[in-house]
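Peer 1: this one's sequence-less:
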Ligand code: S6P
Ligand code: ZN
């Protein structure tokens with residue numbers, strides 16, 4: 001394979017390259033926000049886009065490095081802030097790095113024994129997600145949360161565990177404050 005450049009727009013998070021663009025509407029995340037009524041209402045109204053991922057085309061193989069940007073648009077479903085689905089890596093012993101370009105948020109991580117860690121995300125923060133930690137990103141601000149991620153080529157994604165049970169914590173707005181609460185459905 002030949003070396004190549006990609007071009008990132010720091011303001012929008014868009015990447016010009018051979019990219020696979022993933023667009024996640026709320027209907028792609030049914031059951032992931034705890035307020036099911038609010039979820040259905042929004043899906044019926046405009047089924048808004050919650051986030052996009054620009055994934056540069058690199059072989060999903062050991063030795064390569066996957067790299068991409070994620071853009072999470074601001075907003076809430078009920079009182080729960082917009083977020084990604086969240087996943088374990090299929091190859092669980094693989095780590096990941098997130099570098100924030102714009103916006104503010106939280107990086108919610110959880111191990112299989114339900115140990116939880118939450119890191120702040122802001123422009124310039126570099127978060128290290130060690131092997132074995134599931135990860136979800138939450139936009140707690142009023143502008144898009146844009147971050148660049150790098151992870152091993154062979155990592156893959158396991159969404160099933162999070163789709164079934166979620167994370168044990170939720171990030172919500174209560175009286176204008178950002179709060180971490182227990183997930184009532186966990
Ligand atoms: C990939 C990395 C990110 C996420 C993206 C969307 O390992 O962690 O690029 O894929 O932020 O999140 P999700 O949970 O829908 O893949
Ligand atoms: Zn990941």
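Peer 2: Structure received. Small disclaimer: the values here were computed from a predicted structure and weren't measured. Ligands and ions are numbered 1, 2, ... in the order given.
Peer 1: ok, residue 77 - contacts?
Peer 2: Each residue near residue 77 by Cβ atoms under 8 Å, 6 or more residues apart in numbering is listed here: 26, 33, 35, 38, 39, 42. (Each C-beta comes from the backbone N, C-alpha and C, glycine too.)
Peer 1: which member of these is positioned nearest ligand 1?
Peer 2: residue 26 (12.9 Å; Cβ to the nearest ligand atom).
Peer 1: tell me the contacts of the closest one?
Peer 2: 33, 39, 42, 43, 47, 48, 50, 77.
Peer 1: thinking again about what came up before, which two of the contacts of residue 77 have the greatest separation?
Peer 2: 26 and 35 (11.4 Å; Cβ to Cβ).
Peer 1: what residues sit buried inside the helix of greatest length in the chain?
Peer 2: Of all segments of type helix in the chain, defined using DSSP state H, the longest is helix 36-45. Buried residues in helix 36-45, defined by neighbour count with 16 or more other Cβ atoms under 10 Å: 38, 39, 42, 43.
Peer 1: tell me which parts of the protein are close to ligand 1?
Peer 2: Residues of the chain lying close to ligand 1 (Cβ under 6 Å from any ligand atom) are 53, 68, 70, 84-87, 96, 135, 137, 149, 151, 157.
Peer 1: follow-up on the earlier one: ok, the helix or strand just after the longest helix of the chain: who's next to it in the sheet?
Peer 2: Per DSSP states H and E, the first helix or strand lying C-terminal to helix 36-45 is strand 49-56. Here strand 49-56 is paired, per DSSP bridges, with strand 19-25 (antiparallel), strand 65-72 (antiparallel).
Peer 1: what's the most buried one of those strands?
Peer 2: strand 65-72 (a mean of 21; mean count of other Cβ atoms under 10 Å).
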